[in-house]
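>>> Return atomic coordinates for the entry below.
(chains A and B)
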Amino acid sequence: MIWLAWRQFRTQALVVAGLLVVFATALAINGSHLVHLYDTTVATCAQRNDCVSARARFQAQAKWHNALDLLVLAVPALLGAFWGAPLVARELETRTNLLAWTQSVTRPRWFLVKVAVTGAASVITAGLLSLMVTWWASPHDRLTDAPYSVFDQRDIVPMAYALFAVALGVVLGTIIRRTVPAMAATLAAFAVIRIGFGSWIRPRILSPLHSTGVFTLPVSNSVVFIAPSGVGPRDWLLSETVVTSTGRVVGSYDLGPNGAVVGISNAFHGAGNLNGVLKCGNSFSPLGQAPTAQVQAAVQRCVSSFHLHTIATYLPSSRYWALQGSESAIFVGGAIALLAVGLWWTRKRIA
Amino acid sequence: MTAVLEATDLGKRYRRKWALSDCTLSIPQGHVVGLVGPNGSGKSTLLNLAAGLLAPSAGRLDVLGGTPARDATAVGRVGFVAQELPAYSAFSVRDHLRLGAHLNPRWDAELAKDRIEDLGLDPSQRAGKLSGGQRAQLALTLAIAKRPELLLLDEPVASLDPLARREFLQILMETVADQEVSIVLSSHLVSDIERVCDYLIVLIDSRVQLAGDVDDLVSSHHRLIGSRRDPAGYPANQEVIDASHTDRQSSLIVRSHGPVLEDAWTIEPVSLEDLVLAYMARGKHPRSGDHFDGEVMA
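Prediction:
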């Protein structure tokens, strides 16, 4: 049965292997160039005191960054659609399952061997791709220094996504029984599941830490990012809440995965009434105008008198690998559950 | 007589529609059995059930003494040529033989190779480029070379032209002549398969209308031709299967268990095809009182 599974799969497998070799070569050449560039510009910029231009120069060179990240995101979905969905559906469509099932092979074995060969190839493909891109992007990732912002395009999770996508494709193909609709359904379902998972489930997999600090206003308008006290730029800031000394919530910000806060200047101006809970009087400069030092001091005094605290909820960078492992385990578990459904369906429901 | 296939009240339902219901029949070992019936009579469903491709919705089916396709050994003992003659179109003929060799522990590589040579098939030809007749031969080769004890062919010649039909059946007979294999082949036309069958089962609406050794069937049925008359005037000791009338003449097909002695009638032999058609006509419009429910089977 392994022979048949491989014989049916080998052309696609060889094409993809060829593409991976070409891709690896290109990335190796460009990647070593980037490593050198990083070492000679960004890594040593502090000595020469030109970090802003050094970073700009490096980022201009690492321009494939977005395209490669997108590729790592897309490949598991494509594997699910092009390798997973037709695996059973095409046999049902061309009736070749009748040929296979009337040799001396049981249906479960037929199903499991085919899935094993395709699943293994998909995991290897996604794993190699992730490995290459993770290595290629490592100087760039060091520069941005926000590991959670590229969480699902790096390291081990792409392999789990690929396995899940293939299992999803196989099951949808088995149930739908037609190749092209099954491919479309796989792409759509996988996209929905991945986006939904990233938004709703990933922040809840590991229990986050909380950090409490005194609420202070930005020193000036030029400050664009203020990490809540105790939360570093490498951590994943899930949310930040401002509370009064009695625990009353007066405002909150939901922040991006790397903690890039954009709402802080609004907090400054909005501090005049802090969502209508507290008032500081009218001594503020209008929106869009830089406040004078006196105004700032007055606001600061006023705000301080309310004894406001910030409570930041975050996942520290030390949990990165734990989250990679947990999310991978969930997707692998999902894949196994899907394949169990596919196996059952193949045994009982297909005529 | 041992049975290679034994069905008891067998039924198969697709959603609400029964494709086969209350089917009780027994197929004896060591025969080439023709399973004949009109389209929709349940032949294909029965063979698919026997091959383990379908699971029964009701009743019981034993093939070679057990549930069909319960394990790899059971699947290996039954050969099946599906109506669609499926083949992997990207695979060459040689790949199909390799497939057979890898998937069947009892594979007879010598037999398969010789057959492909005799047929004049190019081993490197892709299955997608074969003619209908060649594909049927390839499917048959795969089914035979796995050395089954029971070979099921579901309307194998339905899609072939007359010449390819004859060739296919001829080669089927030559190939199985020296093998200990029981064969069941279905068709909606008895003329397609009467040359190769020595046992016949007529199935109409899941019911066995007629079953028996071909020679016995032919010798126990007769056509009686006489002047036109009512059913009251039919011979009393004969079972009338079918009657047709012209203005002056009545023509009956009768089944008799002893010699036919009817002075008033001209007695003629009946061809297998006419005989089957007579049963089919009766099965389609069963007259009250003479419904036949398979007691001739034995």
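>>> Tell me the residue of chain B that sits nearest chain A?
residue B:76 (3.1 Å; C-beta to the nearest C-beta). Where you see a C-beta, it was placed from the backbone N, CA and C, and this is true even at glycine.
>>> contacting residues for the residue lying closest to that residue once chain neighbours are set aside?
Of all residues not flanking residue B:76 in the chain, residue A:104 sits nearest, at 3.1 Å (C-beta to C-beta, 6 or more residues apart in numbering or on different chains). Residue A:104 is in contact with B:72-73, B:75-76, B:103-106, B:146, counting by C-beta atoms under 8 Å, 6 or more residues apart in numbering or on different chains.
>>> nearest to residue A:50, of those?
residue B:103 (68.3 Å; C-beta to C-beta).
>>> correct me, but the closest one touches residue A:7?
No: Residue B:103 is not in contact with residue A:7 according to C-beta atoms under 8 Å; the separation is 11.2 Å.
>>> ok, these two, which is more surrounded?
Taking neighbours as other C-beta atoms under 10 Å in any protein chain shown, residue B:103 and residue A:7 compare with residue B:103 leading, 24 against 16.
>>> State the pLDDT value of the closest residue to the more buried one other than its chain neighbours.
Counting by C-beta to C-beta, 6+ apart, residue B:103 lies nearest to residue A:103, which is 3.7 Å off, once chain neighbours are set aside. Residue A:103 is assigned 93 on the pLDDT scale.
>>> looking at this, residue A:103 is in a strand?
No: using DSSP: H, G, I helix; E, B strand; the rest coil, the assignment for residue A:103 is coil, not a strand.
>>> so who does it touch?
Contacts for residue A:103 were tallied using C-beta under 8 Å, 6+ apart; they are B:75-76, B:99-100, B:103-104, B:142, B:146.
>>> By neighbours, which of the residues you listed wins?
Counting by other C-beta under 10 Å, top hit in the contacts of residue A:103: residue B:146 with 27 neighbours.
>>> Identify the residue nearest that residue in space, chain neighbours excluded?
residue B:104 (4.1 Å).
>>> my read: that neighbour touches residue B:77, true?
No: the pair residue B:104 / residue B:77 is not scored as a contact, 10.5 Å apart, by C-beta under 8 Å.
>>> Is there a neighbour count for residue A:121? I'd like the number.
Based on other C-beta under 10 Å, the number of other residues close to residue A:121 is 21.
>>> Make sure it is actually in contact with residue A:15.
No: if you go by C-beta under 8 Å, residue A:121 and residue A:15 don't touch, sitting 11.4 Å apart.
>>> what two of the contacts of residue A:104 are the furthest from one another?
Across these, no pair lies farther apart than B:73 and B:103, at 13.0 Å, counting by C-beta to C-beta.
>>> Contact partners for residue A:348?
residue B:55.
>>> mind checking how far it is from residue B:141?
Distance, residue A:348 to residue B:141, by C-beta to C-beta, to the nearest Å: 31 Å.
>>> what ranges do the strands span in chain A?
A:209-214, A:236-243, A:249-253, A:309-315 (DSSP state E).
>>> can you map out the strands along chain B?
B:3-14, B:17-28, B:32-36, B:58-63, B:78-81, B:150-153, B:182-187, B:199-204, B:207-213, B:221-227, B:239-245, B:249-255, B:266-269.
>>> so what does the fifth one touch, helix or strand wise?
Under the contact criterion of 3 or more C-beta pairs under 8 Å, 6 or more residues apart in numbering or on different chains; DSSP states H and E, the helices and strands touching strand B:78-81 comprise helix B:132-145, strand B:150-153.
>>> Would you mind finding the most buried of those?
Ranked by mean neighbour count, the helices and strands packed on strand B:78-81 are led by strand B:150-153 with a mean of 26 (mean count of other C-beta atoms under 10 Å in any protein chain shown).
>>> Identify the residues contacting it?
So strand B:150-153 is contacted by B:4-5, B:47, B:50-51, B:63-64, B:77-81, B:140, B:143-144, B:172, B:176, B:181-186 (C-beta under 8 Å, 6+ apart).
>>> Show me what the mean pLDDT comes to for that strand.
94.
>>> Give the pairing partners of it; include direction for each.
Using DSSP bridges, the strands paired with strand B:150-153 are strand B:78-81 (parallel), strand B:182-187 (parallel).
>>> Could you export those strands as JSON lines, including mean pLDDT and distance to residue A:245?
JSON lines is the format used below for those (pLDDT from 0 to 100; distance: least, C-beta to C-beta, whole Å):
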{"stretch": "strand B:78-81", "mean pLDDT": "94", "distance to residue A:245": "81"}
{"stretch": "strand B:182-187", "mean pLDDT": "92", "distance to residue A:245": "87"}
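>>> So which of those is the most surrounded?
strand B:78-81 (a mean of 26).
>>> Just give the number of residues close to residue 61.
You didn't say which chain, so I picked chain A. Neighbour count for residue A:61, taken as other C-beta under 10 Å: 16.
>>> oops, chain B please
Residue B:61 has 23 neighbouring residues, counting by other C-beta under 10 Å.
>>> So which bits of chain A are right by chain B?
Contact residues, chain A versus chain B (C-beta under 8 Å from any C-beta of the partner chain): A:1, A:3-4, A:7-8, A:94-107, A:109, A:348, A:351.
>>> what about 7 Å?
A:1, A:3-4, A:7, A:94-96, A:98-99, A:101-106, A:351 (C-beta under 7 Å from any C-beta of the partner chain).
>>> centroid residue for chain B?
residue B:35 (2.3 Å; C-alpha atoms, centre = their mean).
>>> pLDDT score for it?
93.
>>> try residue A:245
Residue A:245 is assigned 74 on the pLDDT scale.
>>> With residue A:288 instead?
Per-residue confidence (pLDDT) for residue A:288: 55.
>>> From residue B:211, how far off is the closest residue to chain B within the stretch 201-350 of chain A?
Nearest residue of the stretch 201-350 of chain A to chain B: residue A:348, at 7.2 Å (C-beta to the nearest C-beta). Distance, residue A:348 to residue B:211, by C-beta to C-beta: 32 Å.
>>> just residue A:197 next, same as before
61 Å.
>>> May I have the phi/psi pair for whichever residue of the stretch 51-200 of chain A sits closest to chain B?
Using C-beta to the nearest C-beta, residue A:104 is the residue of the stretch 51-200 of chain A that sits closest to chain B, at 3.1 Å. Residue A:104 adopts backbone torsions of phi -90, psi 50, taken as degrees, to the nearest 10.
>>> how much space between it and residue A:241?
Taking C-beta to C-beta as the criterion, residue A:104 is separated from residue A:241 by 66 Å.
>>> Now that we're looking at the closest residue in space to residue A:142 that isn't next to it in sequence, what pLDDT does it have?
The spatially closest residue to residue A:142, leaving aside those adjacent along the chain, is residue A:38, at 7.2 Å (C-beta to C-beta, 6+ apart). With respect to pLDDT, residue A:38 scores 87.
>>> now the contacts of residue A:104 in a markdown table, with distance to residue A:160 and pLDDT?
A markdown table is the format used below for the contacts of residue A:104 (distance: C-beta to C-beta, whole Å; pLDDT from 0 to 100):
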| residue | distance to residue A:160 | pLDDT |
| --- | --- | --- |
| B:72 | 32 | 89 |
| B:73 | 38 | 89 |
| B:75 | 35 | 90 |
| B:76 | 38 | 91 |
| B:103 | 32 | 93 |
| B:104 | 37 | 93 |
| B:105 | 37 | 92 |
| B:106 | 41 | 91 |
| B:146 | 40 | 91 |
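>>> With respect to residue A:52, which of those residues is nearest?
Residue A:52 lies nearest to residue B:103 out of the contacts of residue A:104, by C-beta to C-beta, at 66.4 Å.
>>> hang on, that closest one packs against residue A:5?
No: assessed by C-beta atoms under 7 Å, residue B:103 is found out of contact with residue A:5, at 10.9 Å.
>>> And the helices in the stretch 51-200 of chain B, which stretches?
B:72-76, B:93-103, B:109-119, B:132-145, B:162-177, B:190-193 (DSSP state H, counting those that start in this stretch).
>>> Could you do the stretch 1-150 of chain A as well?
A:2-40, A:45-48, A:51-61, A:65-79, A:85-94, A:96-101, A:107-136, A:138-144.
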